[in-house]
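Just to be clear, the model below is a prediction. Sequence and coordinates:
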Amino acid sequence: MPLFNWKDEYSVNVAELDQHHKILIDIVNSIYDNCLRIDTVDCIQPKIRELFDYAEYHFTAEEDYMRRIEYFEREEHIELHAMFIFKLKEMQQAYEGNEIELTKSMIVFLGKWLLHHVLEEDRKYALYAQGIN
């Protein structure tokens with residue numbers, strides 16, 4: 001059972017970015033589904049690397065989109081991306097093995113961050129692009 005499913009309310013009305021968000025959700029769900037068992041050996045490291053790589057790809061596309069629409073809070077949004085990447089690197093370095101409690105806290109952080117970021121922060125540029133400030 002996934003941690004969360006895509007809902008239309010998550011949409012930023014840009015098909016490419018919505019697809020990216022769906023993939024990010026899938027990666028977090030995969031961590032949740034596959035990395036919480038004690039018998040899972042070193043599941044989290046490859047998944048965090050996958051999330052890190054895809055987040056960087058997505059953030060580049062999203063930041064390019066914000067530049068194209070001349071989004072006025074672009075720099076602040078880019079800083080949120082940088083802080084997330086920093087946090088992922090921290091988690092990756094702190095993780096030394098099959099640590100269930102650390103895995104749980106990582107999943108909670110990732111789920112909360114992703115939902116908040118898409119629903120709150122990404123919603124701002126979506127509304128801006130539609131002319132609603």
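Thanks, I have the structure now. Residues are numbered from 1 along each chain as shown.

hey, let's count contacts and neighbours off CA atoms from now on
Noted.

Now the one helix or strand in the chain whose mean pLDDT sits lowest: buried residues?
None of the helices or strands of the chain scores lower by mean pLDDT, DSSP states H and E than helix 100-116, at a mean of 87. With burial defined by 16 or more other C-alpha atoms under 10 Å, the residues of helix 100-116 counted as buried are 102, 103, 106, 107, 110, 111, 114, 115.

Nearest to residue 36 among these?
Among those, residue 103 lies closest to residue 36 (C-alpha to C-alpha), at 6.8 Å.

Is the closest one in contact with residue 34, as I believe?
No: counting by C-alpha atoms under 8 Å, residue 103 stays clear of residue 34, with 10.7 Å between them.

now the helices for this structure?
Under the criterion DSSP state H, helices of the chain are mapped to 15-34, 44-68, 74-94, 100-116, 123-129.

which helices and strands does the longest one pack with?
Here helix 44-68 is seen to pack against helix 15-34, helix 74-94 when contacts are counted using 3 or more C-alpha pairs under 8 Å, 6 or more residues apart in numbering; DSSP states H and E.

orientation of the last one relative to helix 100-116 in degrees?
Yep, that's helix 74-94 we're talking about. Angle of helix 74-94 versus helix 100-116, following axes from the mean of the first three to the mean of the last three C-alpha atoms, to 10 degrees, is 170 degrees.
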